[in-house]
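Participant: Model the following, please.
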Amino acid sequence: MGRLRSTLGSLARPAAVSLAAITLTAGCGLLGGPKTVSENVPDIMTVTSPVFNRSVIGPTYTCHGRGKSPAIRWSGAPPRTKALALVADDAAAPITPFIYWIVFNIGPQTTGIQDGQIPPGARQASNSRGKLGYDPPCPAKPGHVYRFTVYALSSPLKLPAGASAKTAWVAIARTAIARGRLTAKSN
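Facilitator: Next up is the predicted model:
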């Protein structure tokens, strides 16, 4: 009986993963899909990276190099911003969206993240691999596009570090008041 229960449990896992992927791509479209976070969330923030050369992610920030998280800078958050969140994803991955990194509860006065670090007080959610922190992209071919989106939030998220990607995604979607995006290609 224990073996049967174990087998049935492992058969149910792929279905649960597929359902989670469908739920993430449906919904409000925070990380991809035809809709944006909300029709009312303005795309007014500017997002840049001092480490991407002509919007190209160098190997230092992928699995082909050191795999450390890149420096990201932003400006233009509205005055009523109470926290910020950063989401790095790939809308063209076989399992979409593939989430490489979610950092949330970044202080509203913060204007960037340094290479390989997160700001004091910020938290990271799990990525699509179920691990905490940055999962470096591993492009098989050059030219793959990745998105780094910064969201201004109306309140800090009441989530622990290591919250699931889906939980963090839903909370960000509910509290987003502005956003900005940087797209970068692999070389």
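
Participant: Just the strands from the chain, written as ranges.
Facilitator: Assigned by DSSP state E, the chain shows strands spanning 46-48, 56-57, 72-75, 83-90, 98-106, 112-113, 123-124, 145-153, 176-186.

Participant: Just give me the lowest mean pLDDT stretch among these.
Facilitator: Per-segment mean pLDDT for these reaches its minimum on strand 56-57, at a mean of 92.

Participant: and it, what other elements does it pack with?
Facilitator: Counting contacts by 3 or more CB pairs under 8 Å, 6 or more residues apart in numbering; DSSP states H and E, strand 56-57 packs against strand 176-186. The C-beta positions use only the backbone N, C-alpha and C, and glycine is treated the same way.

Participant: buried ones in the strand it packs on?
Facilitator: Going by neighbour count (16 or more other CB atoms under 10 Å), the buried part of strand 176-186 is 176-182, 184, 186.

Participant: residues in contact with stretch 42-62?
Facilitator: Contacts of stretch 42-62 with the rest of the structure, by CB atoms under 8 Å, 6 or more residues apart in numbering, involve 36, 65-78, 115, 136-139, 146, 148-150, 152, 178-187.
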